[in-house]
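I would like the atomic coordinates for the input below:
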Amino acid sequence: MINDSLLIACGSGSGLVGVQQTDLGVGITGLDVSHTYYSAAFSPDGAFLALGHASGGKLSIINTSDWSEVPATPYISYNVEDCAFSPDGAHLAAVYFYGNTLTVINTADWSVVAGTPSMPGTTYGCSFSMDNNFLAIAHGSGNNLTILNTTDWSAEAGTPVLPGASYTCAFSPDGDFLAVGHTGGNRLTIINTADWSVVAGTPSLTSDTRYCAFSPGGDFLALANSSGNRLTIINTADWSVVAGTPALPSTGYGCAFSPDGSLLAVGHDAGNSLTIINTADWSVVADTPALPATGRACAFSPTSLITPGRKVETKDYSGAYIAATVSIVDRNLSLIDTINSLGALNLYRFKESDLWLIMKDDRPGATSDAFARIILDANSGDLPPLVLTQGYIGDLVTISSNLTTQAGAPGDEVVIRNWTTRELVAKVIPDANGDWSAQVPPGTYDVSYIAENCAPVIHGPYTVELP
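Here you go, the predicted structure:
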């Protein structure tokens, strides 16, 4: 089982959000690519992430070792609706509006494969067979489905004519079936790849399917739909619809199973725009990150892609955990993101980062915000939590004593720390008689006495309260 794969979720105007499978409640940001996205696909070894979008060259290929963009990525002039790597990793297919509507790329040097045919009309979906022998393309004209033989990129004869425009297609993991979602008729066609015949007895859907995905074991077929529950799960043993699956708040556009099959992610319109489902009982995973706009595509990495992270805690002056909003800014103090903490969280970023965290204190009477520098790298996940502490508001208590050496001289310094958090509260220099005093919030403290040529002495804990 792969329990630490990375889920990429993206969509219209939302940029890119990552979700670590080991920490589903955390949204990972910081990848220096921002577009309106339509599609996403990881290479079989997880080394590359392909993203189809609506700006620039319309296709970005990201090297996941450092999340940099591959400079040799071919330029595509039209919105890339879907993209898919071949199972052997040798090719990347991208389908799009207008033009030839299909580009196949050789991943050895990111060159465009010559001799591939132009598809009739707009293409919406693509899928390689698990034996790498075929590339299926869902499109909106002609037969509405084309299957190419990858040995020479010629079209297979004898494939069925579908009753309406096709939006999505997916080969089953065992290669025995090809699922196609389309308009018209049953809106779903399952094809036997042995002879390209249509499988009988499959369910009739009440709305168009925008995307489909088989589970890793091939036991289930997930369909993101445009109306009704907007999510249909089919048991491939008998092609029956699974009962009790959750409904999406609006049109589903993209879906993906995790590599271990334990999760199903669905990008959709409205609500959080991202729903993650536990496939053991088809329950919705609570408190997952929200996309700021329509979720269009989801893709899990096939291998572990642990991102730089560190534990962060937000506390009040006494050391108790508090809920807080923390701003993440770069070294130039430009806002990058905000996170909501319930007291303890893991902060992840795609790339190694040198940042500031700022916890603003807007309470009446507050005089300062809490802030700290945080460096995220390969080792930061093993470091102790970085603590942001909220200041005390209220009456102070006087704590006092005397620090005199055996020679009768006053000590050099008194250091007062919070006994619970071990944080510095005050430093005081004794007067000529060794007397000292400090005002501190009510609480429990340890006091360190420091004098030249003497070993430091620590007293406490002392608990002080308001009179």
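
My guess is Asn225 contacts Leu205. True?
Yes. Judged on CB atoms under 8 Å, Asn225 makes contact with Leu205 at a distance of 6.6 Å. Just so you know, the C-beta spots here come from the backbone N, C-alpha and C atoms, and that holds for glycine as well.

if I look at the two, which residues touch both of them?
Shared contacts of Asn225 and Leu205, defined by CB atoms under 8 Å, 6 or more residues apart in numbering, are found at Thr232.

Tell me which of the two has more neighbours.
Asn225 (25 against 21; other CB atoms under 10 Å).

Any idea what that one is bridged to?
Counting by DSSP bridges, Asn225 is bridged to Thr209.

who are the neighbours in contact with it?
Per CB under 8 Å, 6+ apart, neighbours of Asn225: Leu205, Thr206, Ser207, Asp208, Thr209, Arg210, Leu231, Thr232, Thr251, Gly252.

check contacts around the fifth one.
The one in question is Thr209. Thr209 makes contacts with Tyr167, Thr168, Gly181, His182, Arg187, Leu188, Leu223, Ala224, Asn225, Ser226, Thr232, as judged by CB under 8 Å, 6+ apart.

From Asp377, how far off is it?
43 Å (CB to CB, to the nearest Å).

again, but for Pro410
45 Å.

before we move on, what about Lys58?
From Lys58 to Asp377 the distance is 33 Å (CB to CB).

just to revisit the earlier point, from the contacts of Asn225, keep the buried residues only.
Leu205, Ser207, Asp208, Thr209, Arg210, Leu231, Thr232, Thr251, Gly252 (16 or more other CB atoms under 10 Å).

where does the third one land on pLDDT?
Turning to Asp208, the model gives it a pLDDT of 92.

try the first one
The confidence metric pLDDT takes the value 91 at Leu205.

you'd agree it is up against Leu223?
Yes. Judged on CB under 8 Å, Leu205 makes contact with Leu223 at a distance of 7.1 Å.

Common neighbours of those two, please.
Leu188, Thr232.

of the contacts of Asn225, closest to Ile147?
Minimum distance to Ile147 across the contacts of Asn225 is 18.3 Å, recorded for Thr209 (CB to CB).

how close does that closest one get to Gly56?
29 Å.

Could you list the low-confidence segments of this protein?
1-3, 14, 32-34 (pLDDT under 70).

which residue ranges form the strands in the stretch 51-200 of the chain?
Secondary structure of the stretch 51-200 of the chain (DSSP state E, counting those that start in this stretch): strands located at 59-63, 68-69, 80-85, 91-96, 102-106, 111-112, 123-128, 134-139, 145-149, 154-155, 166-171, 177-182, 188-192, 197-198.

In CSV: these, plus mean neighbour count and distance to Thr36.
Formatted as CSV, those follow (neighbours: other CB atoms under 10 Å; distance: least, CB to CB, whole Å):
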stretch, mean neighbour count, distance to Thr36
strand 59-63, 21, 12
strand 68-69, 14, 17
strand 80-85, 25, 11
strand 91-96, 25, 14
strand 102-106, 20, 19
strand 111-112, 12, 24
strand 123-128, 27, 16
strand 134-139, 26, 21
strand 145-149, 21, 27
strand 154-155, 13, 32
strand 166-171, 27, 18
strand 177-182, 25, 22
strand 188-192, 20, 28
strand 197-198, 13, 36
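
Fine by me, we can end here.
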